[in-house]
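> Can you look at this prediction? I've put the sequence above it.
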Amino acid sequence: MHSFAHLSDIHIGAFRQPALQNLVLKAFDDALDICVERGVDFVIVSGDLFDSNIPDMGLVNGAVRKIREVKDKGIQFYIVYGSHDFSPTQTSIVDILKSAGLFTKVTKGKEENGKLELEFQIDEKTGAKLCGISGRRLGIEKRYFEILDRENLEREEGFRIFIFHGAVTEYKPRQAFEAESIPLSSLPKGFAYYAGGHIHDEFLTKEHGYNLAYPGTLFASEYRDLEKNARGQKRGFFIATFSDKISHIEFVKLPVCDYQLIEYDANGKNSARVHNELLEIAKDA
Ligand SMILES: [Mn+2]
């Protein structure tokens with residue numbers, strides 16, 4: 001039996017406050033410690049590992065040290081870009097870490113005669129075959145899905161995983177913050193596991209024979225995520241066990257910190273008063 005971990009939307013570098021930045025990094029560290037403990041064969045990151053294409057280098061250093069430590073134990077990383085860590089004009093930190101041999105990007109392929117032909121990356125240890133499409137800002141990935149040569153990918157035999165970063169129309173959360181999505185029919189059929197990113201809340205379906213999984217953000221990338229956490233939203237990542245097909249998918253919860261939720265009514269108050277009252281409340285909390 002083999003296993004892999006599926007993490008997404010970690011957003012290292014998110015937030016301006018060092019305390020929150022450190023919690024983002026702590027979530028990543030804790031998750032990888034669990035991956036090692038549980039002896040997973042490889043780790044998938046389905047985009048937005050970093051919050052920007054050039055994040056704070058101190059935080060990058062922390063993340064790289066951890067990735068290196070895990071990789072030295074023989075655990076490979078397979079990754080696509082997210083909408084945050086991709087830049088159309090600049091080299092992204094993901095590219096640099098890929099060049100340094102820390103990651104394998106699974107988006108290798110060529111565009112020819114209006115078709116996108118993807119190449120499978122084969123995991124040496126398990127024989128799993130991985131390919132995927134990166135997220136892009138403004139949903140440019142939609143075009144890649146439209147021209148994707150699915151037949152070739154569907155014909156391939158073996159244990160296959162598809163990695164992508166974007167919402168699937170049929171499963172878009174009700175309060176989706178983005179209009180862009182790709183229909184389920186644009187994914188190549190017959191894969192054992194579809195590793196999704198971009199949706200920040202955990203989601204797993206086996207409908208229509210698809211193991212379609214979004215682990216959601218590991219911790220948070222913005223205040224809305226934090227508020228949800230305080231209200232009990234579970235955060236973490238998936239560990240899937242497999243041989244020639246998936247036998248079990250487990251959501252591993254990651255408690256990063258405790259929360260205190262304080263509701264405050266700012267109606268009819270000016271910003272200076274709100275500011276001062278909030279500072280008072282925070283002092284007492
Ligand atoms: Mn994200």
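That came in fine, so what should we check first?
> can you point me to the longest helix in this structure?
When the chain is parsed with DSSP state H, its longest helix is helix 18-37.
> Check whether it comes into contact with the ion.
No. Using Cβ under 5 Å from the ion, helix 18-37 stays clear of the ion, with a minimum separation of 11.9 Å. Any C-beta I mention is one placed from the backbone N, CA and C, and that applies to glycine too.
> can you check stretch 160-171 too?
No. Stretch 160-171 stays clear of the ion (Cβ under 5 Å from the ion), getting no nearer than 7.9 Å.
> how about the residues of the stretch 101-250 of the chain near the ion?
Counting by Cβ under 5 Å from the ion, no residue of the stretch 101-250 of the chain is near the ion.
> Please enumerate the strands of the protein.
Per DSSP state E, the chain carries strands over the ranges 2-7, 42-46, 76-80, 104-105, 109-112, 115-118, 121-122, 129-133, 160-165, 193-197, 203-205, 212-214, 236-242, 246-253.
> Kindly reformat these as JSON lines and extend each row with mean neighbour count and mean pLDDT.
Formatted as JSON lines, the strands of the chain follow (neighbours: other Cβ atoms under 10 Å; pLDDT from 0 to 100):
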{"stretch": "strand 2-7", "mean neighbour count": "24", "mean pLDDT": "98"}
{"stretch": "strand 42-46", "mean neighbour count": "27", "mean pLDDT": "98"}
{"stretch": "strand 76-80", "mean neighbour count": "25", "mean pLDDT": "96"}
{"stretch": "strand 104-105", "mean neighbour count": "16", "mean pLDDT": "93"}
{"stretch": "strand 109-112", "mean neighbour count": "12", "mean pLDDT": "90"}
{"stretch": "strand 115-118", "mean neighbour count": "17", "mean pLDDT": "94"}
{"stretch": "strand 121-122", "mean neighbour count": "16", "mean pLDDT": "97"}
{"stretch": "strand 129-133", "mean neighbour count": "25", "mean pLDDT": "96"}
{"stretch": "strand 160-165", "mean neighbour count": "26", "mean pLDDT": "96"}
{"stretch": "strand 193-197", "mean neighbour count": "28", "mean pLDDT": "97"}
{"stretch": "strand 203-205", "mean neighbour count": "14", "mean pLDDT": "95"}
{"stretch": "strand 212-214", "mean neighbour count": "25", "mean pLDDT": "97"}
{"stretch": "strand 236-242", "mean neighbour count": "22", "mean pLDDT": "98"}
{"stretch": "strand 246-253", "mean neighbour count": "14", "mean pLDDT": "97"}
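> out of those strands, nearest to residue 261?
Set against residue 261 and scored by Cβ to Cβ, the strands of the chain come closest in strand 246-253, at 18.7 Å.
> So which elements touch that closest one?
Under the contact definition 3 or more Cβ pairs under 8 Å, 6 or more residues apart in numbering; DSSP states H and E, strand 246-253 sits against strand 236-242.
> let's see it at 10 Å
Secondary-structure packing of strand 246-253 (3 or more Cβ pairs under 10 Å, 6 or more residues apart in numbering; DSSP states H and E): strand 2-7, helix 18-37, strand 212-214, strand 236-242.
> Residue 263: which of those is closest?
helix 18-37 (20.1 Å).
> Where does pLDDT dip in this protein?
137-140, 174-179 (pLDDT under 70).
> what angle do the longest helix of the chain and strand 246-253 make?
Between helix 18-37 and strand 246-253, the angle comes out at 150 degrees (axes from the mean of the first three to the mean of the last three Cα atoms, to 10 degrees).
> then helix 18-37 to CSV, C-alphas only?
Provided in CSV are the C-alpha atoms of helix 18-37 (Å, rounded to 0.1, in the frame of the first residue of the first chain):
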residue,chain,number,x,y,z
PRO,A,18,4.6,38.6,11.8
ALA,A,19,2.5,36.6,14.3
LEU,A,20,0.0,35.6,11.6
GLN,A,21,2.8,35.1,9.0
ASN,A,22,4.5,32.7,11.5
LEU,A,23,1.2,30.8,12.0
VAL,A,24,1.0,30.2,8.2
LEU,A,25,4.5,28.8,8.2
LYS,A,26,3.8,26.8,11.3
ALA,A,27,0.7,25.2,9.6
PHE,A,28,3.0,24.1,6.7
ASP,A,29,5.7,22.8,9.1
ASP,A,30,3.1,20.8,11.2
ALA,A,31,1.5,19.4,8.0
LEU,A,32,4.9,18.1,6.7
ASP,A,33,5.8,16.7,10.1
ILE,A,34,2.6,14.6,9.9
CYS,A,35,3.4,13.6,6.4
VAL,A,36,6.8,12.2,7.5
GLU,A,37,5.3,10.6,10.6
